[in-house]
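S.K.: Got a sequence here, can you build the structure:
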Amino acid sequence: MTLTGASRRRRAPRPHLPLVVLVLLVVSSPLPHASALRIPLREVSTLISLSHSLLSRVAATRAARGDDAAAARVRRIASLLSSRGAWGLGWDYLRHYAFSSVAGCGLSCASAASRLLAAAAEASRLRSATDAAQWMRRHYGDVREAAALLLNGLLVAFSEQGPLREVVMDVKWEVEEGELLKDCLEVGAKDLQGLLVIAKDLFAGASRASSRHSEL
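M.R.: Numbering: from 1, shown residues only. Next up is the predicted model:
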């Protein structure tokens, strides 16, 4: 047995930290250290799976219609939230936010996520392309407004320059200029719905935790 082989067998696999870092911002509030690290791992795992699935489908759809540049932008966001890219995001979170007194967007983000959730639920029930097109014309402005509130809240929370803020800014640009929400609603409204259910609960939980801490 070579030393290299033994080293490979002893090496523990790297944990997967993709979208956890995006959500950790609001899950963690100015609480004592032990409380700040209480992360609902099952919910985060599901959030990671849904996010990667949805972004991959959006990228494939954009590529299929010949928009290679737009597909590449979404793949880049997905790579930043993958297990490889997440190490930089995780370090940025631990360095700037994990134990600081900076507040997340809590209740305001939960409210915006609820609006997006209702829209995704309605869009997931549409049965024809005609119905979907009509629904988009009537409601897409409101959906974008709710997404802007959510993303602006995340930018307030991710106030330090670094990978986390860059990811949120990339998503914000895609929502405002690249019609990312429209693509998500068209190719995976149910995935988006499931993702938003988890995010809303996490935001609401962060708001409650922050309120309890402020009363101490």
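
S.K.: Run through the protein and note the low-pLDDT ranges.
M.R.: Residue ranges of the chain with pLDDT under 70: 1-41, 44-45, 48-49, 85-86, 100-106, 205-216.

S.K.: now the helices for it?
M.R.: Taking DSSP state H, the helices of the chain run over residues 3-10, 20-27, 33-36, 41-64, 68-80, 86-96, 106-124, 129-157, 163-177, 180-215.

S.K.: Pick the most buried one from those.
M.R.: Among the helices of the chain, ranked by average contacts under mean count of other Cβ atoms under 10 Å, first place goes to helix 20-27 (a mean of 24). C-beta: built from backbone N, CA, C; applies to glycine.

S.K.: State the distance from the closest residue to L151 other than its chain neighbours to A121.
M.R.: Leaving aside its sequence neighbours, L151 sits nearest to K172 (Cβ to Cβ, 6 or more residues apart in numbering; 4.5 Å). K172 sits at a distance of 23 Å from A121 (criterion: Cβ to Cβ, to the nearest Å).

S.K.: How about the contacts made by R62?
M.R.: Applying Cβ atoms under 8 Å, 6 or more residues apart in numbering, we find R62 in contact with 68, 70-71, 74, 183.

S.K.: how near is the residue nearest to L151 to D68?
M.R.: Here the criterion is Cβ to Cβ. By it, K172 lies 22 Å from D68.

S.K.: Equivalent analysis for A59, please.
M.R.: Counting by Cβ to Cβ, the gap from A59 to D68 is 10 Å.

S.K.: cool, S108 as well?
M.R.: Counting by Cβ to Cβ - S108 and D68 are separated by 36 Å.

S.K.: just Y140 next, same as before
M.R.: Using Cβ to Cβ, Y140 is found at 24 Å from D68.

S.K.: Equivalent analysis for R115, please.
M.R.: 32 Å.

S.K.: do the same with K200
M.R.: From K200 to D68 the distance is 34 Å (Cβ to Cβ).

S.K.: cool, and V175?
M.R.: From V175 across to D68, the span is 20 Å (Cβ to Cβ).

S.K.: same deal with G194?
M.R.: 28 Å.

S.K.: ok, now V197?
M.R.: 32 Å.

S.K.: again with H96
M.R.: For H96, the distance to D68 (Cβ to Cβ) stands at 34 Å.
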